[in-house]
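Enquirer: Sequence and predicted structure, then a few things I'm wondering about:
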Amino acid sequence: YDGIWEAEFAWSPINDNYLAIVRGTPDEDVLFYGFQVLKNTFLHVIDVSTGEVVAEHTADMSTIRWSPDGSKILYLDSGSLFPRNRRAFTSAPCIYDLQSNQSACLTGIPITNIPPGYQLETTGLYSWSPDGTSIRYMALYYNPDTFEEAGNVCIYNLLNGKISCPTAKLVEPHGWGISDYDFSPDGRYIDFCYSISNIGNDYTGEGYNGLITVDGSGFLSWQNLASDSKSQCSYSSAIWRPLP
């Protein structure tokens, strides 16, 4: 026993011998709902066929996501464990480049597109676009005066640094959060769950499934899985028609 724990694992999408591992030491002062938070964290990318460490990066990290081409890894700090142990993630996500051994953080995400009267509560559900040119994520806001939460699905364009939130027009009318989303294979549409519950809750609340284009137009919604006369989201409800 060397005192080093493993927190996250992820296989490279293009090299089946490359495994990314987040390691660190237990933070004895931070334990949430039975989950141990690590400190002094670092990333190892290991070639499992040889045991060689092909890349190493030290940073406060937990959640990791490989880029589609396997050249970069998106990572979040320990606050990203929020869905599992109630910690909010309000920092900027960062991207580690394996080839240059450098990282850069997307500092615009925590401060951009926050609705008037709201504060950022957390972000989460990060994913790469299939072409690796953008990062998709969910933002959750909190109104300290009305105690309402609201959420968006947003897209960070890595080529120009611009952020768009296709669901922005839905924030004020409903005051609900987004607990799940899924992009169509061609990236033109978003299927999502808009609900009174969100990634900060451990229950399923009233809500509905929605479909919207990435430019924020063509919004459709439907009710399903009614419980006590209130609609709830149908998770994994979307089966996208394959691209030609």
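Expert: Happy to help now that I have it.

Enquirer: can you pull the contacts of Ser184?
Expert: Ile190, Asp191, Trp240 (CB atoms under 8 Å, 6 or more residues apart in numbering). Quick note: C-beta positions are derived from backbone N, CA and C, even for glycine.

Enquirer: Could you dump these into JSON lines with distance to Ser103 and pLDDT added?
Expert: Listed next are these as JSON lines, based on distance: CB to CB, whole Å; pLDDT from 0 to 100:
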{"residue": "Ile190", "distance to Ser103": "28", "pLDDT": "93"}
{"residue": "Asp191", "distance to Ser103": "32", "pLDDT": "91"}
{"residue": "Trp240", "distance to Ser103": "33", "pLDDT": "84"}
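
Enquirer: Would you agree Tyr75 is in contact with Ser91?
Expert: No - taking CB atoms under 8 Å as the definition, Tyr75 is not a contact partner of Ser91, at 10.8 Å.

Enquirer: These two: who's more crowded?
Expert: A direct count of neighbours by other CB atoms under 10 Å for Tyr75 and Ser91 places Tyr75 higher, at 26 against 17.

Enquirer: any idea what sits nearest that one, other than its immediate chain neighbours?
Expert: Of all residues not flanking Tyr75 in the chain, Met61 sits nearest, at 4.3 Å (CB to CB, 6 or more residues apart in numbering).

Enquirer: if I pick the one you found, what's in contact with it?
Expert: Here Met61 is in contact with Val22, Thr41, Phe42, Leu43, Tyr75, Leu76, Asp77, Ser78, Cys94 (CB under 8 Å, 6+ apart).
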